[in-house]
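Participant: After the sequence you'll find the predicted model.
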Amino acid sequence: MMPIRLRDFIEDTDGCLYAVSNYDNGDRVGCVLRYVPDPAGERCDPAGRRYTKYDFEEAFAWIAEHKPAYLDTVHQVPHTDIVRVYKPEEEMAAVALRDKRVQKLIGFFDLPGGAYGVTGSLLCGLENAGSDIDMVVYGDAWFSAQQQLARLVGSGRLTGMSEEMWRRVYEKRVPEISFETFVLHEERKWNRGEIDGTYFDLLYTRSYDNLRAVAAGRGEVLGRMRIEALVTDASLAFDSPAVYGIEHEEISRVLSFTHTYSGQALAGETIEVQGVRERHGDEDWLIVGTTREAKGEYIISKTLMEA
């Protein structure tokens, strides 16, 4: 079996479903609980099994009560407790047959087989009519999908994001920047859109030959910090965490653990960052998204703001 990676789902021995949130999944798989079997649950899979969906805080409370051995900064599930791995690229064909929205969306893109899939509720067969489409694209194919999306919207074949949809995304993320600043950065990312009123994301995930590009474990916390720096490497800026190589006398990298600030700047741009400084070996990194809401933490492109 191929390694378990970010945006896969796993199922444990009790039938609980978890979204994989790490690339480094040695002895245990770093993930977050999303669905728990429940005869009264509102979600139902194709086999008729019912589940209840758990939000982030609810998931941690449930794990603390029922599976405390899994508790950590994310949930850590031993490989011995995993009975199934759901891989977006392997389930793609089955999902498209089941969901006409997905079938229509992927029909717009020209991507190699095995280079894309869908994650979230659609991957697990637990979607409903209101479910968004989380389309995963792997490695360099993601940048092709990004360029294709820009052309598709520009030609009118796909719908660009409406202000109503931008408001929905902004209010969901509650960032530390204004709505106008948020949209200014988001509009050039070309990583989300609408199809027949359904919101979709293009989510970057590393290819199998690049899983160890950056080891993003926890470092020694040194305090809060705000900097301005030149971005020298944005090749993993759409990853999770987003990684920015920078030129700065004290900080060597900026990492964002919140999707809000992925793809926030391009190589060659100057960024302003406020976050938490951590020591990683002989380097110091600045971390954004140290809490779920990333309060007091942000990344903006000063180059973009001043253009």
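Facilitator: Yep, it's here.
Participant: Phi first, then psi, for residue 164.
Facilitator: As for residue 164, its main-chain torsions (degrees, to the nearest 10) stand at phi -60, psi -40.
Participant: Check the gap between residue 263 and residue 103 for me.
Facilitator: Computed as CB to CB, to the nearest Å, the residue 263 to residue 103 distance reads 27 Å. Where C-beta positions appear, they are placed from N, C-alpha and C, glycine not excepted.
Participant: When the two are compared, which one has more neighbours?
Facilitator: Between residue 263 and residue 103, residue 263 has the larger neighbour count (other CB atoms under 10 Å), namely 20 against 13.
Participant: these two touch, right, that one and residue 201?
Facilitator: No - at 11.5 Å, residue 263 does not count as touching residue 201 under the criterion of CB atoms under 8 Å.
Participant: which neighbours do those two share?
Facilitator: Residues touching both residue 263 and residue 201 (CB atoms under 8 Å, 6 or more residues apart in numbering): residue 191.
Participant: The closest residue to residue 121 other than its chain neighbours in helix, strand or coil?
Facilitator: Once flanking residues are discounted, residue 121 sits nearest to residue 127: 4.3 Å by CB to CB, 6 or more residues apart in numbering. Assigned by DSSP: H, G, I helix; E, B strand; the rest coil, the conformation of residue 127 is coil.
Participant: Same check on the one 10 residues further on?
Facilitator: Three states are possible here, and by three-state DSSP the one that applies to residue 137 is strand.
Participant: How about residue 185?
Facilitator: When classified by three-state DSSP, residue 185 comes out as helix.
Participant: That one contacts residue 301, correct?
Facilitator: Yes - the criterion here is CB under 8 Å, and residue 185 meets it with residue 301 at 6.6 Å.
Participant: Next up, the contacts around residue 199.
Facilitator: The contact partners of residue 199, by CB under 8 Å, 6+ apart, come to 132-133, 165, 168-169, 192-193.
Participant: The residues you listed in strands, which ones?
Facilitator: Among the contacts of residue 199, DSSP state E puts 133, 192-193 in strands.
Participant: any idea which helix is longest in the protein?
Facilitator: In the chain, taking DSSP state H as the definition, the longest helix is helix 141-154.
Participant: buried set for that one?
Facilitator: 141-142, 144-146, 148-150, 152-153 (16 or more other CB atoms under 10 Å).
Participant: could you give the angle of that helix to strand 133-138?
Facilitator: Orientation note: helix 141-154 sits at an angle of 130 degrees relative to strand 133-138 (axes from the mean of the first three to the mean of the last three CA atoms, to 10 degrees).
Participant: Can you get me the centre-to-centre distance for helix 141-154 and its chain?
Facilitator: Relative to the chain's own centre, helix 141-154 is displaced by 18 Å; criterion: CA atoms, centre = their mean, to the nearest Å.
Participant: cool, and stretch 103-119?
Facilitator: Mean C-alpha position of stretch 103-119 versus that of the full chain (CA atoms, centre = their mean) differs by 17 Å.
Participant: just stretch 204-218 next, same as before
Facilitator: On the basis of CA atoms, centre = their mean, stretch 204-218 sits 13 Å off its chain's mean C-alpha point.
Participant: Repeat that for stretch 54-70.
Facilitator: Stretch 54-70 sits 20 Å away from the centroid of its parent chain (CA atoms, centre = their mean).
Participant: contact partners of that stretch?
Facilitator: 16, 32-36, 71, 75-77, 292.
Participant: Could you do stretch 37-52 as well?
Facilitator: Contact partners of stretch 37-52, identified using CB under 8 Å, 6+ apart, comprise 14-17, 35-36, 53, 98, 121, 124-126, 128.
Participant: Phi, psi for the residue nearest to residue 121 please.
Facilitator: Taking degrees, to the nearest 10, you get phi -70, psi 160 for the backbone angles of residue 127.
Participant: gap between it and residue 252?
Facilitator: Distance, residue 127 to residue 252, by CB to CB: 41 Å.
Participant: who's more crowded, these two?
Facilitator: More neighbours surround residue 127 than the other of residue 127 and residue 252, with 21 against 17 (other CB under 10 Å).
Participant: okay, now the residue nearest to residue 147 when sequence neighbours are not counted: neighbour count?
Facilitator: Spatial nearest neighbour of residue 147, chain neighbours left out: residue 190 (7.5 Å); criterion: CB to CB, 6+ apart. Using other CB under 10 Å, residue 190 has 21 neighbouring residues.
Participant: just checking, residue 190 touches residue 152?
Facilitator: No - under the criterion of CB under 8 Å, residue 190 makes no contact with residue 152, lying 9.5 Å away.
Participant: pLDDT at residue 183, what is it?
Facilitator: We have a pLDDT of 96 for residue 183.
Participant: Residue 58 versus that one, what's the distance?
Facilitator: From residue 183 to residue 58 the distance is 30 Å (CB to CB).
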